[in-house]
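K.L.:
Give me coordinates for this.
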Amino acid sequence: MSSDHLGFSCVINKNGTVLIRRFSKTVTVLRGLKATSFSEKIQTLSIDQQQQYMARLTGNYKRGNEK
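P.N.:
Residues are numbered from 1 along each chain as shown. Below you'll find the predicted structure:
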């Protein structure tokens, strides 16, 4: 596991819905254009970039002032 691994994963359902999970718990559901855009973009990113992207989409990321 990379040092940048934040525990995020995604499940893309047949109906186009995207579930973004963190440590196996669903934290965000994307539908429609957001889900389509996510599905296309996530395929072009490295694993570490995917983790950061999903963290930003869910609002679950450090803002630089936490210790």
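
K.L.:
Can you show me the strands along the chain?
P.N.:
Counting by DSSP state E, the chain has strands at residues 8-12, 18-22, 25-30.

K.L.:
which of those sits most buried?
P.N.:
strand 18-22 (a mean of 18; mean count of other C-beta atoms under 10 Å). Placement of C-beta: from N, CA and C, glycine included.

K.L.:
What helices and strands are in contact with that one?
P.N.:
With contacts taken as 3 or more C-beta pairs under 8 Å, 6 or more residues apart in numbering; DSSP states H and E, strand 18-22 sits against strand 8-12, strand 25-30, helix 32-42, helix 47-58.

K.L.:
Can you give the distance from it to the centre of its chain?
P.N.:
6 Å (C-alpha atoms, centre = their mean, to the nearest Å).

K.L.:
Please apply the same query to stretch 26-42.
P.N.:
Once both centres are worked out by C-alpha atoms, centre = their mean, stretch 26-42 turns out to sit 9 Å from its chain's centre.

K.L.:
CA atoms only for that stretch - export them in CSV, please.
P.N.:
C-alpha atoms of stretch 26-42 as CSV (Å, rounded to 0.1, in the frame of the first residue of the first chain):
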residue,chain,number,x,y,z
THR,A,26,-20.0,4.3,0.9
VAL,A,27,-19.4,8.0,1.4
THR,A,28,-20.6,9.4,-1.9
VAL,A,29,-22.9,8.4,-4.8
LEU,A,30,-22.5,10.0,-8.2
ARG,A,31,-25.2,9.9,-10.8
GLY,A,32,-25.8,11.3,-14.3
LEU,A,33,-23.1,13.6,-15.8
LYS,A,34,-21.0,13.6,-12.7
ALA,A,35,-20.8,9.8,-12.8
THR,A,36,-20.0,9.7,-16.5
SER,A,37,-17.3,12.3,-16.1
PHE,A,38,-15.8,10.5,-13.1
SER,A,39,-15.8,7.1,-14.9
GLU,A,40,-13.9,8.6,-17.9
LYS,A,41,-11.4,10.6,-15.7
ILE,A,42,-10.6,7.9,-13.2
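
K.L.:
Need the residues that contact it.
P.N.:
Residues outside stretch 26-42 that contact it (C-beta atoms under 8 Å, 6 or more residues apart in numbering): 10, 12, 16-21, 50, 53, 57-58, 60.
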